[in-house]
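Chemist: Just to be clear, the model below is a prediction. Sequence and coordinates:
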Amino acid sequence: MQITKFGHSCVLLDDGQAKILFDPGSYSQVPDISVDLIIITHVHSDHYNIENLEKLIKAGSPKIITNSQVKEELDKNNIGCELLEHGQTSTVNGVKVDAFGNDHAIIHPGMPKFQNTGYLINDKIFHPGDAFVLPPNQVEILFLPIVAPWSKISETLDYIT
């Protein structure tokens, strides 16, 4: 298994069965690569960027998995996707993907709320997006959000214990 970070929350997971790219947002340096699956946890530009998506779609024909709020944005750009939300499961190239959570961590009570879905790969690897949602089982690898306008060190430490 190989894991490559392309900045911010954009991570490529290559487990030999499939190449899965998480959150190719505007703070990421996404190379011209062909991937099997793109997973987008939420609609914020640091996790979702249409130019990066178009670049990745040109490089191959990836399947895209995301939630309803991101799907609305993809629909505006005529980009198809599979909706995968809390409690749902999908399989791509023999890789099991489970969805957990529905809410982005609160940035400030006065700000709008956003949908955020975390995704668990083969019951082992979890990317929570911008939330501290927990999958039902302990994971081997956690893509941990550590610096964000919504996070506190104490909450981050509690999340990993």
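Modeler: Arrived safely. Residues are numbered from 1 along each chain as shown.
Chemist: When you work out contacts or count neighbours from here on, use the C-alpha atoms and nothing else.
Modeler: Fine.
Chemist: Which stretches in the chain count as helices?
Modeler: For the chain, the helices defined by DSSP state H cover 50-59, 68-76, 153-160.
Chemist: Surely Val95 touches Leu120?
Modeler: No: applying CA atoms under 8 Å, one finds Val95 not in contact with Leu120, separated by 10.2 Å.
Chemist: So for the two, which residue has more residues nearby?
Modeler: Leu120 (23 against 17; other CA atoms under 10 Å).
Chemist: Which residue, other than its chain neighbours, is closest to the more buried one?
Modeler: Phe126 (4.4 Å; CA to CA, 6 or more residues apart in numbering).
Chemist: for Asp98, same thing?
Modeler: Distances taken as CA to CA, 6+ apart put Thr89 closest to Asp98, at 4.4 Å, once the chain neighbours are dropped.
Chemist: Identify the residues contacting that neighbour.
Modeler: Lys96, Val97, Asp98, Ala99 (CA atoms under 8 Å, 6 or more residues apart in numbering).
Chemist: those strands in the chain, which residues are they?
Modeler: Taking DSSP state E to define them, one finds strands in the chain at 2-5, 11-14, 19-22, 37-39, 63-66, 82-83, 89-92, 95-100, 118-121, 125-127, 141-142.
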